[in-house]
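# Below: sequence and its predicted model.
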Amino acid sequence: MPKLKINGQDIEVEAGTSILQAAELAGFEVPRFCYHDRLSVPANCRMCLVEVKGAPKPVASCALAAGEGMEVDTQSDLVKKARKGVMEMLLINHPLDCPICDQGGECDLQDQAMGYGFDRSRYRENKRAVKNKNIGPLIKTIMTRCIHCTRCVRFGEEVAGTAELGLLNRGEDVEIGTFIEKAVSTELSGNMIDICPVGALTSRPYAYKARPWELKKTMTIDAHDAVGCNIRVDARGNEVMRVLPRLNEAVNEEWINDRTRFAYDGLKRSRLDRPYIRNAKTKALEPASWDEALKAVAEKLKDVNPKTTLGLVGSMCAVEDVVSFKDALNVFGITNMRGVNNLSYLTREKRTHYKLNTTIAGLEKADVILLVGTNPRHEATLVNTRILKAVSENGARVGVVGAQNDLTYDYDYLGQTLADIEKVIGGQSDFAKSFKKAERPAIVIGANVLDGKSGEPLYNLCMKLANKMNVVREGWNGFNVLHRHASQMAVQDFELTSKVALEKAELVFALGYDEADFEDVSKKAFVIYQGHHGDLGAHRADIILPGAAYTEKDGLYVNTEGRVQIAKRAVFPVGEAKEDWRIFRALSAHADEALDYDTMLELRTRIFEDMPAYASIDYLLQENWVSDYDKKAKVNLKSKVSTPDEAFYLANPICRASETMQQCHAAFVEGNTDLKEVAE
């Protein structure tokens, strides 16, 4: 480990550490534009110049490794003069439009010009203007502001896996753009806005809406998928204005997908803001008071046969919603409940059988990965970035059984039937041999293909593969189930299972459930819908109870790896809508058997008593692996492994209500975007 001096201070760092990183470890700030911790080092902005004793001129600290005995000065007069010169060059063509730039207040160029720049310019030539690029409905471009740091280019290639942006031309004609005018189609494009150090790339939906100092910032958790991305919700008054990522190295690093970032405008459209009851004569939904609606629901639940009643839990429900829903229906003797995926054959005694045991960050260490019936690019985009990192940085090999999709990395396509998994077990292919020799093999199974009885044979075959190939070994558990819904782990943990088929239910109580198979509900069935959007479930409902969206309530969310995280309320529910657990508490009181919790603290105490692991917030407990499974189960090897691939941009009620997500679906899925319109 080399020892060096930085500004007269001795420091010891690991071999390969750059001078810039060493300076920051020593507590000295070094300005930079092109350098980013998670991207490769281009060393093209020269803002990070420092003086190294013995060097003939200032050196770029981001590109030079710290060496034994080096003496570095980051604050000398020579360094200050060099930085002023670099800043002066960067501002030659930069427009003076800070008052209308959406980056204002959060701009690295503004901050560093004040901190390290000169107070005047010697240039009198006309400024260069660059034509704006239309790269889709999400990113607004004003390319005259671009300083060519190439962060967006490197992000697309190295993190998103879609090399669509590039550096064109040379000299003073250089500019960032697509080689052929097209939209940037990665599901992670919004992160380019975050890493852009100037106002060249800004959010098109957020343009001219607010300034950062006007907004109330709430640290919370995303509920659009089962990754559990850490996010910051910025609100003004009771309106969500934007959603940004928060740093969490174990989950989402500092990235979020575009659905998480841009679907927030759906939170103010098509909302349910009061209870409704369908008029028996006119068949129309009519507004009702809370007391009338709860009384009507309680009477219906008392009269119906519990054995023909089904409770459905939607994709975005918090743990408190799931548990209070179960408790409230149990009051009426109803035990048939299920989530979006009905994995009734998996019990919580074997919790490791239905979670991502490798962990999200741990997937980077896998050397061979088998994907079964899953498209992680759409189901869990931030898990897909980890697999891409394993492939690009560690040379991991990926095999796929199921549908062929563009996953942003190369893979071996093995087929689409259970027989193809059996071939891997038998070691009959080159991939199977690699899998067998792997030090850290991993299987990732999509939860959707495990749904119901049809998924059980596939599950047993994958368990057979895991045992045969020693996927679970000391210090490594490579057996993984990848959930795509934020509520599914809680549904599994609290064992919400159903013996009633949806089409045979006489009464359906849907909690935020708006999935496509709602069309299977019998026309004679009575439907109670509790949720926040007038979507598929509400259209079919006979009684509607307005609930709160994920930004409007405190709650616990369990991600696909079993990590429990706390979400915080950013804004209040709209109109007369209430938090879901409060509605169930009030409903139980109408049954004269009130639930024994009146506060969130009491409800969480009940949850922690039932599931002690949930008390370990943001910490993954070590759980024992049980290799037991049905070894005698019959398996039809001709059965196909389907890969259900819902529309990424229209995956839930919030997305379907969002105009931005509708534009994305039109641009990236249907391909009918108008690229002739250039950003203003």
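Yep, that arrived. Numbers count the residues shown, from 1 in each chain.

# In stretch 600-607, which residues are buried?
600, 603, 604, 606, 607 (16 or more other CB atoms under 10 Å). (Glycine included, C-beta is placed from N, CA and C.)

# quick one, phi/psi of the first one?
The phi and psi values for residue 600, taken as degrees, to the nearest 10, are phi -60, psi -40.

# Look up how far residue 169 lies from the residue nearest to it when sequence neighbours are not counted.
Nearest non-adjacent residue to residue 600, counting by CB to CB, 6 or more residues apart in numbering: residue 554, 6.3 Å away. Plainly put, residue 554 is 52 Å away from residue 169 if you go by CB to CB, to the nearest Å.

# okay, these two: which has more neighbours?
When residue 554 and residue 169 are compared for neighbours, residue 554 comes out ahead with 16 against 9, by other CB atoms under 10 Å.

# phi, psi of residue 309?
Torsion angles at residue 309 (phi, psi; degrees, to the nearest 10) stand at phi -110, psi 140.

# same question, residue 434
According to degrees, to the nearest 10, residue 434 has phi -60, psi -40.

# is it true that it touches residue 395?
No - contact criterion CB atoms under 8 Å: residue 434 and residue 395 do not qualify, at 11.1 Å.

# helices or strands up against the lengthiest helix in the chain?
Longest helix of the chain, by residue count under DSSP state H: helix 452-468. When contacts are defined as 3 or more CB pairs under 8 Å, 6 or more residues apart in numbering; DSSP states H and E, helix 452-468 packs onto strand 368-372, helix 418-425, strand 441-446, strand 479-482.

# and that helix, C-alpha only, in PDB?
Extracted in PDB, the C-alpha atoms of helix 452-468 (Å, rounded to 0.1, in the frame of the first residue of the first chain):
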ATOM      1  CA  GLY A 452     -50.000 -21.600  -9.300                       C
ATOM      2  CA  LYS A 453     -49.900 -25.300 -10.000                       C
ATOM      3  CA  SER A 454     -48.300 -24.900 -13.400                       C
ATOM      4  CA  GLY A 455     -45.300 -23.300 -11.800                       C
ATOM      5  CA  GLU A 456     -44.700 -26.100  -9.200                       C
ATOM      6  CA  PRO A 457     -43.200 -28.600 -11.700                       C
ATOM      7  CA  LEU A 458     -40.800 -25.900 -12.900                       C
ATOM      8  CA  TYR A 459     -39.900 -25.000  -9.300                       C
ATOM      9  CA  ASN A 460     -39.200 -28.600  -8.500                       C
ATOM     10  CA  LEU A 461     -37.000 -29.000 -11.600                       C
ATOM     11  CA  CYS A 462     -35.000 -25.800 -10.600                       C
ATOM     12  CA  MET A 463     -34.600 -27.200  -7.100                       C
ATOM     13  CA  LYS A 464     -33.300 -30.400  -8.600                       C
ATOM     14  CA  LEU A 465     -30.800 -28.400 -10.600                       C
ATOM     15  CA  ALA A 466     -29.700 -26.500  -7.600                       C
ATOM     16  CA  ASN A 467     -29.000 -29.700  -5.600                       C
ATOM     17  CA  LYS A 468     -27.300 -31.400  -8.500                       C
END
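
# Count residues in the vicinity of residue 529, would you?
30.

# List the single closest residue to it in space, sequence neighbours excluded.
Spatially, and ignoring its direct neighbours in sequence, residue 529 is nearest to residue 541 (3.6 Å; CB to CB, 6+ apart).

# ok, now how distant is the one you found from residue 324?
Residue 541 is 20 Å from residue 324, where distance means CB to CB.

# still on that earlier bit, residue 627 is nearest to which of the helices and strands packed on helix 452-468?
Counting by CB to CB, residue 627 lies closest to strand 479-482 out of those; the figure is 9.5 Å.

# Remind me what that closest one packs against, helices and strands.
Here strand 479-482 touches strand 441-446, helix 452-468, going by 3+ CB pairs under 8 Å, 6+ apart.

# The same query, at a cut-off of 6 Å, please.
Using 3 or more CB pairs under 6 Å, 6 or more residues apart in numbering; DSSP states H and E, the elements in contact with strand 479-482 are strand 441-446.

# Name every strand pairing with the strand it packs on and say which way it goes.
Taking DSSP bridges as the criterion, strand 441-446 forms sheet pairs with strand 368-372 (parallel), strand 479-482 (parallel).

# what about the last one, average pLDDT?
The reference is to strand 479-482. Here strand 479-482 scores 97 as its mean pLDDT.

# ok, and what's touching it?
Strand 479-482 has contacts (CB atoms under 6 Å, 6 or more residues apart in numbering) with 354, 356-358, 374, 380, 443-447, 466, 471-472, 560.

# ok, residue 434 and residue 395, which is more surrounded?
Set side by side, residue 434 and residue 395 show more neighbours around residue 434, with 15 against 8, by other CB under 10 Å.

# about what we covered before: any quick PyMOL command for the buried ones out of the contacts of strand 479-482?
Listed next is the PyMOL selection for buried residues among the contacts of strand 479-482, using 16+ other CB under 10 Å:
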select buried, resi 354+356+357+358+374+380+443+444+445+446+447+466+471+472+560
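
# State the pair within the contacts of strand 479-482 that is farthest apart.
380 and 472 (21.4 Å).

# so where do the helices sit in the stretch 451-600 of the chain?
With helices called from DSSP state H, counting those that start in this stretch, the stretch 451-600 of the chain shows them at 452-468, 488-493, 536-540, 580-590, 600-610.

# does residue 36 sit in a helix or strand, and which one?
Using DSSP states H and E, residue 36 falls within no helix or strand.

# coming back round to it: would CSV of the strands paired with strand 441-446 with distance to residue 13 be doable?
Below are the strands paired with strand 441-446 laid out as CSV (distance: least, CB to CB, whole Å):
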stretch, distance to residue 13
strand 368-372, 33
strand 479-482, 35
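
# Helix, strand, or coil at residue 220?
strand (DSSP: H, G, I helix; E, B strand; the rest coil).

# so it touches residue 567, yeah?
Yes - here residue 220 lies in contact with residue 567, judged by CB atoms under 6 Å, at a distance of 4.6 Å.
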